[in-house]
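Peer 1: just the structure for this:
(2 chains)
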2 protein chains.
Amino acid sequence: MSELRQDPITGRNVIIAEGRAARPNEFVSVATKAATPCPFCVGNESLTPDAILSYPRDRKDAAWQVRVVPNKYPAVQWAAAAVGTHEVIIESPEHIVSLSELSDEQAALAFRAYQERLQALGQDERLGFTFIFKNARAAGGASLEHLHSQLIGMEFVPPEIQLQTSKAGEYRVLHGRCIFCDLLADEADGNRVVSESEHFIVFCPYASRFAYEMWVVPKAHEQSFEDASAEQSNELAKITVQAVRKLEACLDSPAYNYWIHTAPFRMSRHDDFHWHIEIAPRVARLAGFELGSGCFINPVAPEHAAERLRNV
Amino acid sequence: MSELRQDPITGRNVIIAEGRAARPNEFVSVATKAATPCPFCVGNESLTPDAILSYPRDRKDAAWQVRVVPNKYPAVQWAAAAVGTHEVIIESPEHIVSLSELSDEQAALAFRAYQERLQALGQDERLGFTFIFKNARAAGGASLEHLHSQLIGMEFVPPEIQLQTSKAGEYRVLHGRCIFCDLLADEADGNRVVSESEHFIVFCPYASRFAYEMWVVPKAHEQSFEDASAEQSNELAKITVQAVRKLEACLDSPAYNYWIHTAPFRMSRHDDFHWHIEIAPRVARLAGFELGSGCFINPVAPEHAAERLRNV
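Peer 2: Residues are numbered from 1 along each chain as shown, chains lettered A, B, ... in the order given. The predicted structure is shown next:
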């Protein structure tokens, strides 16, 4: 049973989730297990719980293209601790390990599944936020290598979202504008821009925490990822896959994470937020300095990273 | 040349340190290099810059017991960017990898060196804080395995210290007492206590972020680690070495970090802080959830961790 604890000094939330110590890689090895047979491969559905959502192929067989199942080792769960829900989004029936290996069509389905689950969970009054994230490759924290993302629905709004939301709120009070929109305007010189499409821009942020960090941001002011149109969502999938391909060409297929920052459910001042995806390559380890001080050290200036990513 | 950048949305500080990309393990491999010859071993002093501080042995030869040198790949440096200083504290002339391998006498010298450098850097008006931390073993972020700690002097007070300091200040305004002292009182039942000595207590904090996380805290209310007496510092070294030995016996010699949280230099309201050491075992990888949400998931309740650590 998981338990939500708040640090009495900092107020930081920690989820104590003892069920997870049984996970395949916990306390055993830092290498990603190529579990045999892979529970996420098509044909092995009996190795995972029943699907919450499944996109079938356009034919009579039972095969699927994207499948969402409950996490077998949930970090949060309802019942006594009542903290939330933890799901796994399996984005391919084939045994691949990176978003870059998806076709545009398949990637579009993956992003559609993210949206569909967020929309469904947004109806649950108990949830304050649903966090979608991907861990790709061992150094990115993937415990199974088969391509998947995860979704954790929580009662509370997590610290990073609280921080971005409250700072964006302050900025609007002071300047009457969206801080993310102003940031995009600041990128007009293209120095840190990696790529662009009709509705999206990919750039390396000014104060990138990670070498080759990229953000994918809608050009128009929109608060919620789950409300993006099907056309936009497809375009987003395409430009995100392309960004990951660029990253892998620059850095020899590194581990990476990405996560979706969207407005909290039932946020009262909707206009303050501007949703986006943050892509974090994991080429250096987080060590004592970062963990203990809360500061990041980045060995590659984002202008240089963007230039290499643009030209790859 | 390193550059301090503040994220326009969150206000988070990031150090852009391009000189560091030349470090042995950056972007190449996640394994710790057993560099040959090891630049930190006795006899190989010519492979590092000249010592800032050196504790010689009690005899005529040139051998040393603890040596402090500038970091060859500094994350921060004076000159144009004017952000600070980055030093390496080599805690043993012998090629060992963990604090647990030090004798009590040798460990006492290491902690004396930490204090001596903090006292010296505290005289520099440009510095707001000096952060001392250890990365032990590859998964802890050690780029060279030979036992060492690092020290980064910064113009600004880093976020984690700001957070603990400001929360402790609020608590004192509300309750008239130190939040750390009250926390220690709450641990009186011994449930989360690992060990105790005359002046120190080692416990697993209530909202531990990491499995088997331990804090070493002085029982008396003291704001600055560098002001601890020689007797206290020796006792601290001994109980910290013992805590790491317990950790290594419980978890098969895991990677770990520790860092010293002491009051910022020239802090105006000195009484608000209570210095301590935080020990973070690195048995699970930080992944997309932790990095993107700012929340931690801990698979071992601190009560259970403390029980195992106590009894090992």
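
Peer 1: in contact with the closest residue to chain B within the stretch 51-200 of chain A, which residues?
Peer 2: Nearest residue of the stretch 51-200 of chain A to chain B: A:G141, at 2.5 Å (C-beta to the nearest C-beta). For the C-beta atoms, the positions are set from N, CA and C on the backbone; glycine is no exception. Counting by C-beta atoms under 8 Å, 6 or more residues apart in numbering or on different chains, A:G141 touches A:N135, A:A255, A:N257, B:A284, B:R285, B:L286, B:A287, B:G288.

Peer 1: same check, this time on A:L121
Peer 2: Applying C-beta under 8 Å, 6+ apart to A:L121 gives the contacts A:T85, A:L127, A:T130, A:L151, A:G153, A:F265.

Peer 1: rerun at 6 Å
Peer 2: Residues in contact with A:L121 (C-beta atoms under 6 Å, 6 or more residues apart in numbering or on different chains) are A:L127, A:T130, A:G153.

Peer 1: I'd like those residues written out as TSV, with secondary structure and pLDDT added.
Peer 2: Below are those laid out as TSV (DSSP: H, G, I helix; E, B strand; the rest coil; pLDDT from 0 to 100):
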residue	secondary structure	pLDDT
A:L127	coil	89
A:T130	strand	94
A:G153	strand	91
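
Peer 1: now do the helices in the stretch 201-312 of chain A.
Peer 2: For the stretch 201-312 of chain A, the helices defined by DSSP state H, counting those that start in this stretch occupy A:230-251, A:288-293, A:302-311.

Peer 1: how about residues contacting the first one?
Peer 2: Under the contact criterion C-beta under 6 Å, 6+ apart, helix A:230-251 has outside partners A:99-100, A:104, A:107-108, A:111, A:197, A:199-200, A:202, A:212, A:214, A:216, A:281, A:308-309, A:312.

Peer 1: and with 8 Å instead?
Peer 2: For helix A:230-251, contacts defined as C-beta under 8 Å, 6+ apart pick out A:98-100, A:102, A:104, A:107-108, A:110-112, A:115, A:194-195, A:197-200, A:202, A:212, A:214, A:216, A:218, A:228, A:254, A:256, A:258, A:277, A:279, A:281, A:283, A:308-309, A:312, B:27.

Peer 1: just the pLDDT for the residue lying closest to the residue of the stretch 51-200 of chain A closest to chain B once chain neighbours are set aside.
Peer 2: Excluding its sequence neighbours, the residue lying closest to A:G141 (C-beta to C-beta, 6 or more residues apart in numbering or on different chains) is B:A287, at 2.5 Å. pLDDT, B:A287: 94.

Peer 1: count of neighbours near A:A188?
Peer 2: 9 (other C-beta atoms under 10 Å in any protein chain shown).

Peer 1: what do you get for the one 5 residues further on?
Peer 2: Counted with other C-beta under 10 Å, the burial measure for A:V193 works out to 18 neighbours.

Peer 1: ok, it - contacts?
Peer 2: A:V193 touches A:E187, A:I201, A:V202, A:F203, A:A306, A:R310, counting by C-beta under 8 Å, 6+ apart.

Peer 1: export those to TSV and tack on distance to B:N71, neighbour count and pLDDT?
Peer 2: Shown next, in TSV, are these (distance: C-beta to C-beta, whole Å; neighbours: other C-beta atoms under 10 Å in any protein chain shown; pLDDT from 0 to 100):
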residue	distance to B:N71	neighbour count	pLDDT
A:E187	33	19	96
A:I201	37	20	98
A:V202	34	24	98
A:F203	31	27	98
A:A306	28	25	97
A:R310	32	15	97
